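Trainee: The following comprises the amino acid sequence and a computationally predicted model.
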Amino acid sequence: MPPPAMPSPDIIFDTLFAYQRSRALKAAVDLDFFTAIDEGAHTAAAVAKRSGAAERGARILCDYLTVLGLLQKADGAYHLTPVSAAFLSKRSPAYLGTTTTFLLLPELTKNFDDLTGAVKRGGVAPAGNTVADENPIWVEFARAMAPMMMPAAHAIAELVAGPSTGAVRVLDIAAGHGMFGITVAQRNPRAEIVAVDWAPVLAVAEENARANGVGDRFRALPGDAFKVDFGSDYDLALVTNFLHHFDHATCTTFLRKINAALKPGGRVAILEFVPNPDRVSPPIAAGFSVTMLAGTPSGDAYTFAELRQQLEDAGFSNVSTQMLPTQQTILLAQK
């Protein structure tokens, strides 16, 4: 009987070389290769001329992008795949190339330089890249990440701001680029948005509000979300991509503060990566927990049961969820 076949070590080497994949994608976005190909530069020489790169460099990078499945190659000519055409060419309204600016910032990638230490400690010491700190990276986030968040912004607006919605006051917490509140205001012409974040970040949100025609209904409330006085009588609070930075008790305390700012019957809409109870699926939501381990003192990707407990302990009820194709989940709850 022949010995059993040895398993392949491919997954090990693919993982060890994963940094090359992300850097190759960033280089192609920086040089605008995908737009060049979309506009007819189908050879290495044409891509090089269009981007100002060396022909050898363009050939090698385009071949590697083909290996990754981001380009197709036939008879020496390169073409976009459906994915790269949709998300990596500037000709597409769904362009996501700006996300590489933020997601590959050295301030973020260096979090993984000592993941061994973070695992030993169960997190990192409080430092300048948490949302509780006024750090320039959050301005980068506001400028770079809005396109990635637009599907979720529209999904939230669909749930909370239907065409017949009356006048509402909306508290947009850790507003960043501001597009969650802005999208609600676009859908409901009687919505007034109060956006909370650090002042330099809110400057970006205010630019976006004016550009999207809702600047007259958008007010900035700068400061630390844990310390600033929200005021009261809000109909809706938006808490997007925020709770995962903090431990369970801190999230619950913060949600109590939000509860106090809402009218009776007011709602909170939360956007998070929510893993299944097994914590290993779906893959993007489950994998987000390691990002929090590497970059925060005590943050996590919380399960639905954990988030529901936080909400109920903070005085909310009627918790419901909607999972998005991005593997993020919207949670709605009522005061």
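Mentor: Cool, the structure landed.

Trainee: where in this structure is pLDDT low?
Mentor: Within the chain, the segments meeting pLDDT under 70 span 126-134, 162-165.

Trainee: quick one: strands adjacent to the lengthiest strand in it?
Mentor: Of all segments of type strand in the chain, defined using DSSP state E, the longest is strand 262-273. Take DSSP bridges as the rule and strand 262-273 pairs in its sheet with strand 234-240 (parallel), strand 328-334 (antiparallel).

Trainee: Need the CA coordinates for the first one. CSV is fine.
Mentor: Spelled out, it's strand 234-240. This file holds the C-alpha atoms of strand 234-240, laid out as CSV (Å, rounded to 0.1, in the frame of the first residue of the first chain):
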residue,chain,number,x,y,z
TYR,A,234,-32.0,62.8,18.9
ASP,A,235,-34.2,60.5,16.8
LEU,A,236,-31.3,58.4,15.6
ALA,A,237,-27.7,57.7,16.5
LEU,A,238,-25.2,56.2,14.0
VAL,A,239,-22.3,54.2,15.6
THR,A,240,-20.3,52.9,12.6
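
Trainee: chain center to that strand, what's the gap?
Mentor: 18 Å (C-alpha atoms, centre = their mean, to the nearest Å).

Trainee: what's it in contact with?
Mentor: Here strand 234-240 makes contact (C-beta atoms under 8 Å, 6 or more residues apart in numbering) with 149, 152, 156, 160, 168-176, 180-181, 184, 194, 255, 258, 261-263, 266-271. Using the backbone N, CA and C atoms, a C-beta is placed for each residue, glycine as well.

Trainee: cool, the last one as well?
Mentor: Residues lying outside strand 328-334 but in contact with it, judged by C-beta under 8 Å, 6+ apart, are 152, 155-156, 159-160, 265-274, 285, 304, 307-308, 311, 316-324.

Trainee: Now with 7 Å, please.
Mentor: Contact partners of strand 328-334, identified using C-beta atoms under 7 Å, 6 or more residues apart in numbering, comprise 152, 155-156, 159, 265, 267-274, 307, 311, 316-324.

Trainee: Out of those residues, which end up buried?
Mentor: Buried by 16 or more other C-beta atoms under 10 Å: 152, 155-156, 267-274, 307, 311, 316, 319, out of the contacts of strand 328-334.

Trainee: and of those, the nearest to Lys110?
Mentor: Each of the buried ones among the contacts of strand 328-334 was scored against Lys110 by C-beta to C-beta, and Phe273 proved nearest at 21.7 Å.

Trainee: Quick one: neighbours of Thr252, just the number.
Mentor: 18 (other C-beta atoms under 10 Å).

Trainee: List the residues that contact Glu306.
Mentor: Applying C-beta under 7 Å, 6+ apart, the residues contacting Glu306 are His248.

Trainee: Give me the phi and psi angles of it.
Mentor: Per-residue torsions, Glu306: phi -70, psi -40 (degrees, to the nearest 10).

Trainee: please begin residue numbering at 41 from this point
Mentor: Sounds good: first residue 41 from here, last item Glu346.

Trainee: For His288, see how far away it is.
Mentor: With distances taken as C-beta to C-beta, to the nearest Å, Glu346 is found 7 Å from His288.

Trainee: Would you map out the domains in the chain?
Mentor: Domain segmentation of the chain under automatic domain parsing yields 50-132, 148-374.

Trainee: how about JSON lines for the ones you listed, with distance to Pro44 added?
Mentor: Supplementary listing: these in JSON lines, determined by distance: least, C-beta to C-beta, whole Å:
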{"stretch": "domain 50-132", "distance to Pro44": "18"}
{"stretch": "domain 148-374", "distance to Pro44": "26"}
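
Trainee: Out of those, which gets nearest to Thr139?
Mentor: domain 148-374 (5.0 Å).
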